[in-house]
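Participant: need a structure here:
(chains A and B)
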Amino acid sequence: MKKFKSMLLLAAASTVALSSPMLASAQDGTLKVGMITTLSGGGAGLGIDVRDGFMLAVKAAGNDRMEVVIEDDQRKPDIAVQLADRMIQSDKVDVLTGIIWSNLAMAVVPSTTAQGKFYLSPNAGPSALAGKGCHENYFNVAWQNDNLHEAAGAYSNDAGYKKAFILAPNYPAGHDALTGYKRFYKGEIAGELFTKLGQKDYASEIAQIRASGADSVFFFLPGGMGISFLKQYSGSGVDLPVVGPAFSFDQGILQAVGEAAMGVKNTSQWNKDIENPANETFVAAFQAEYGRLPSLYASQGYDTANLLLSAMDKADVNDADAFRTALEAADFDSVRGDFSFGSNHHPIQDIYVREVIKEGDVYTNKIIAVGLKHHADAYAVECKM
Amino acid sequence: MSFILFIEQVLNGIQFGVMLFLMAAGLTLIFGVMGLINLAHGSLYMVGAFAAAAVAKLTGSFLLALVASLGAAAAAGALVELLVIRRLYDRDHLDQVLATFALILIFSEGTRWIFGSFPLFLDVPELLSGPVTLPGGIQYPLYRLTLIMIGLAVAAGLFLLISRTRIGIRIRAGENDREMIAALGVDISKLYTVIFALGAALAGFSGALVGAIQSVQVGMGEPVLILAFVVIVIGGIGSIKGALIAAILVGLTDTLGRFLLPVFFNTFMASSDATTVGSALASMLIYILMAGVLLFKPSGLFGEKQG
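Facilitator: Model prediction:
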């Protein structure tokens, strides 16, 4: 309820700001942020985490010069585009952020940056925006889509897997996932499958895994798809080791997978046990504020807000060049530890291998190794800014 | 591709089919008897799954969870029928679609309001987890085998109910001539509530059964709803027998298509292209099946002649 109340306050605050005469001028350093994210429907857990992480950082900074307008895109590209237009044209926001899904990002980001606004991505990192389609005003604070899968490929080599069975949904991010995995994995592919997006029954795929003679399984099935796959996999009697990106093992869905996820290795750029003061503060503050453990999405929202706050301290957003330079410097304490931007404004960061464990009654992750150190994405070379 | 793998996939197809049948049976009864398009049927599936997850968490008993799913979905169905659906019987299909679509939104956001945005946990009971070895050395998950049995048992029960009991006679009479049965002194509105609650209970039951091996989350019912509509169109609207046969047909087509098409394309294409083309075509297969059936039998396999 607390959450709801603070949203109401926020909404009220933004209405007041809209109706009062625009006293804000270029010099007083205010910054208006438009957050478009998924707050309803099946994928709402991710958007809520990004929002909560972001607002936690804003609240902690006590910075009253930043104003945030939050809207729900319902995971629909057309609605996201309408919201972006409205935020830019009538709300006069300086920075947009919040989008979870790559297809929505593709619909919103190019037009936003073309209108001279900044876009900071707290999650989606489609390859098209990292390579040829990169833009000086587009920053990705999470990862390029391929990154976590690449780390999973690298980990498979380290673990000595020679014959992997790989599967992902049949849509662009799914293709990116298998490409990313294969970019680093050196062994043989026992089988490769594209499943239907949103598919919930994997009996057929699991039977094929059983028959393939593979020695390990890599899968990218975000959200509910991953829950279904893991539960069915654990009941099938196939006991090959499983590797995947963090998206099927984040804090929000692990409780729904339960015992079936125990011991599974997954790759992530963040975990709650990374040791640095920023992360310790974040994890404690998030739990105190919302009464649950943060997920990697929450950490990405938190970092996005802190990056923005750090740039605000250095430059005024109306001086776009100075503000961009301030963003590029990434002069903030990331909860991930080392964090910097590559030439295409995508992160260069360590990607860890985590294992699912149980702490008391709660399923969570523990870092067991570093998958890739100082990892940048493969598309940076194609980016000409 | 071995024979064992093929048999396993056939079992998977049948299991998928019988679970679809539980959804489609209610939908086809409601459409057949009351002439109502109920888009909110998927929400009742979700209600069943959430009720089961909540009760399983509270009591730790899967059996009680199943009972709860039946009860909660039937209660939700009866309530919705009394409050909303009842006003829609005489309206045209567009009004029904609009109102029941609104119900989907209300159910989804209401569920989120109560249970939050994160998926709930519901697991297969200990007794039924793990695989069993079938004759011929086929390893198959015990729970899925149980689902097939339960589905077939429910189908048999429904047949008996419709063909042997008094309420069954009324349901069949209602399908044939609504006005006449009312004129004969049967309380038609009570009958409608009962049928609606029965359909809802079946949907909720399948939601709970399937929820244990999939994810219990908001919006879980809508993809199944679309498939259930395909099933009742193929089977013929109002026909339980048609729904059963069509459900198994759809289950087998979908499962075997997903499995065999990539293999087929692989015989003359590069592996990753074959996977892409095969899975793209596989996801269309049941709709192609539906189009094919409608071409030769416009009112479905066991549908009454229009007119």
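
Participant: what's the following helix or strand after the strand or helix carrying residue B:98?
Facilitator: In the assignment (DSSP states H and E), residue B:98 maps to helix B:93-115. On the C-terminal side of helix B:93-115, the nearest following helix or strand under DSSP H and E is strand B:131-134.

Participant: and that following strand, is it in reach of chain A?
Facilitator: Yes: for strand B:131-134, a contact with chain A is found by Cβ under 8 Å from any Cβ of the partner chain, at residue B:131. Quick note: C-beta positions are derived from backbone N, CA and C, even for glycine.

Participant: what does chain A put close to chain B?
Facilitator: So chain A meets chain B at A:40-42, A:44-45, A:48, A:170, A:192-196, A:198, A:200-201, A:203-205, A:207-208, A:210-211, A:223-225, A:227-228, A:231-232, A:235-237, A:252-253, A:255-260 (Cβ under 8 Å from any Cβ).

Participant: now which of those residues would you call buried?
Facilitator: The neighbour count (16 or more other Cβ atoms under 10 Å in any protein chain shown) marks A:40-42, A:44-45, A:48, A:170, A:192-196, A:200-201, A:203-205, A:207-208, A:210-211, A:223-225, A:227-228, A:231-232, A:235-237, A:252-253, A:255-258, A:260 as buried among the residues of chain A next to chain B.

Participant: helix/strand/coil for the closest residue to residue A:114 other than its chain neighbours?
Facilitator: Computed as Cβ to Cβ, 6 or more residues apart in numbering or on different chains, the closest residue to residue A:114 that is not its neighbour in sequence is residue A:135, at 8.0 Å. Secondary structure, DSSP: H, G, I helix; E, B strand; the rest coil: residue A:135 is coil.

Participant: state the distance from residue A:135 to chain B.
Facilitator: Look at residue A:135 and chain B: by Cβ to the nearest Cβ, to the nearest Å, they are 30 Å apart.

Participant: which residues touch that residue?
Facilitator: Counting by Cβ atoms under 8 Å, 6 or more residues apart in numbering or on different chains, residue A:135 touches A:109, A:110, A:113, A:114, A:129, A:385.

Participant: what subset of those residues is buried?
Facilitator: In the contacts of residue A:135, burial by neighbour count holds for A:109, A:110, A:113, A:129, counting by 16+ other Cβ under 10 Å.

Participant: just these now: which is nearest chain B?
Facilitator: residue A:129 (22.9 Å; Cβ to the nearest Cβ).

Participant: in the chain, which helix or strand is least confident?
Facilitator: Defaulting to chain A. helix A:2-19 (a mean of 46; mean pLDDT, DSSP states H and E).

Participant: let's do chain B instead
Facilitator: helix B:178-183 (a mean of 83).

Participant: just the buried ones among the residues of chain A next to chain B: which are in strands?
Facilitator: Under the assignment DSSP state E, those contribute A:192, A:193, A:194, A:195 to strands.

Participant: turn these into TSV, including pLDDT.
Facilitator: Shown next, in TSV, are those (pLDDT from 0 to 100):
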residue	pLDDT
A:192	90
A:193	90
A:194	89
A:195	89
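
Participant: for residue A:118, state which of those residues is nearest.
Facilitator: Using Cβ to Cβ, residue A:194 comes nearest to residue A:118 of those, at 35.1 Å.

Participant: just to check, that closest one is in contact with residue B:276?
Facilitator: Yes: with contact defined as Cβ atoms under 8 Å, residue A:194 reaches residue B:276; the gap is 6.0 Å.

Participant: which neighbours do these two share?
Facilitator: Common contact partners of residue A:194 and residue B:276 (Cβ under 8 Å, 6+ apart): residue A:170.

Participant: all good on my end, thank you.
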